[in-house]
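**Student:** what shape does this take:
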Amino acid sequence: MNSRRIVEALLLAVGIVVAAWVLGQSLLQFKQADRSVEVKGLAEREVPADTAIWPVAFSEADNDLPKLYQALQEKNAKIAAFLQTSGFKPEEISVSAPSITDRQAQDYGNAQLAERLRYSGKSTLTVYTRQVDRVREAMARLGELGKQGIALSPENYENRTQFLFTGLNALKPAMIEEATKNARISAEKFAKDSDSRLGKIRRANQGQFSIEDRDASTPYIKKVRVVSSVEYRLID
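**Tutor:** Numbers count the residues shown, from 1 in each chain. As a prediction, this is how the structure comes out:
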């Protein structure tokens, strides 16, 4: 009876060892089959802006409201004439409704009110054009408006000049291809360094395209960038 139990115990122990070995081999094979490397590929382009949005704003003040409106209209006409002689078409120029502020209504009870003109007005003409170079040339000649008695408002967040690039769709296919190739080059180097071969792609993720100014001094030159992430299988 005792011999039989001993034999059964030995058989059980051998079975456990064999099962553990088989399980270990299966896990090892699974781990080897699951080996992979994830890499990133970058593609960049520098391109000129193809669209400009250029607001030209100025302010005027007067105690007489009708005279203020008249002054705004006259200066709008002078700015529009300047823009057209600079090469912009009338349909590229838009004039916003003037913004009028009654300082007396805002500053009721202010002792310094008598020293200030009651009404202030602001008007903006906006150029929306694909003639980016003409915008840059005209911006350099804004001093001519100052000689006509027009004090232009400095650029701020509301009336800043914008240079845009709208041709991204034409660049996307070539840039995605380049980013994927660059990712594969990195993966092949990793595989070589680890004594492996590169297998098929397991996953691929195309990153978001970004368009930024090349630098603060040249907002009319854009840097287009995309990063693709690709995961490859590794084969021993």
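**Student:** burial of L125, as a residue count?
**Tutor:** Each residue near L125 was counted by other Cβ atoms under 10 Å, and the total is 19. For glycine as for every other residue, the C-beta is placed from the backbone atoms N, C-alpha and C.
**Student:** next SSE downstream of the strand or helix carrying it?
**Tutor:** Assigned by DSSP states H and E, L125 belongs to strand 119-129. Counting by DSSP H and E, the next helix or strand C-terminal to strand 119-129 is helix 132-139.
**Student:** before we move on, back to that, state the mean pLDDT of the strand holding L125.
**Tutor:** Averaging pLDDT along strand 119-129 yields 96.
**Student:** now for that strand, which elements pack on it?
**Tutor:** Counting contacts by 3 or more Cβ pairs under 8 Å, 6 or more residues apart in numbering; DSSP states H and E, strand 119-129 is packed against strand 51-62, helix 65-85, strand 93-95, strand 99-102.
**Student:** relative to Q148, which of the ones you listed is closest?
**Tutor:** Closest to Q148 of the helices and strands packed on strand 119-129, according to Cβ to Cβ: helix 65-85, at 5.5 Å.
**Student:** using CSV, write out every CA atom in the closest one.
**Tutor:** What follows is helix 65-85, C-alpha atoms only, in CSV (Å, rounded to 0.1, in the frame of the first residue of the first chain):
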residue,chain,number,x,y,z
LEU,A,65,-20.7,112.9,-33.1
PRO,A,66,-21.6,113.7,-36.7
LYS,A,67,-18.2,115.2,-37.3
LEU,A,68,-16.6,112.0,-35.8
TYR,A,69,-18.5,109.8,-38.3
GLN,A,70,-17.5,112.1,-41.2
ALA,A,71,-13.8,111.9,-40.1
LEU,A,72,-14.0,108.1,-39.9
GLN,A,73,-15.5,107.9,-43.4
GLU,A,74,-12.9,110.3,-44.9
LYS,A,75,-10.0,108.3,-43.5
ASN,A,76,-11.5,105.0,-44.5
ALA,A,77,-11.6,106.3,-48.1
LYS,A,78,-8.0,107.4,-47.8
ILE,A,79,-6.9,104.0,-46.5
ALA,A,80,-8.9,102.2,-49.2
ALA,A,81,-7.3,104.3,-51.9
PHE,A,82,-3.8,103.6,-50.4
LEU,A,83,-4.6,99.8,-50.5
GLN,A,84,-5.9,99.9,-54.0
THR,A,85,-2.8,101.8,-55.3
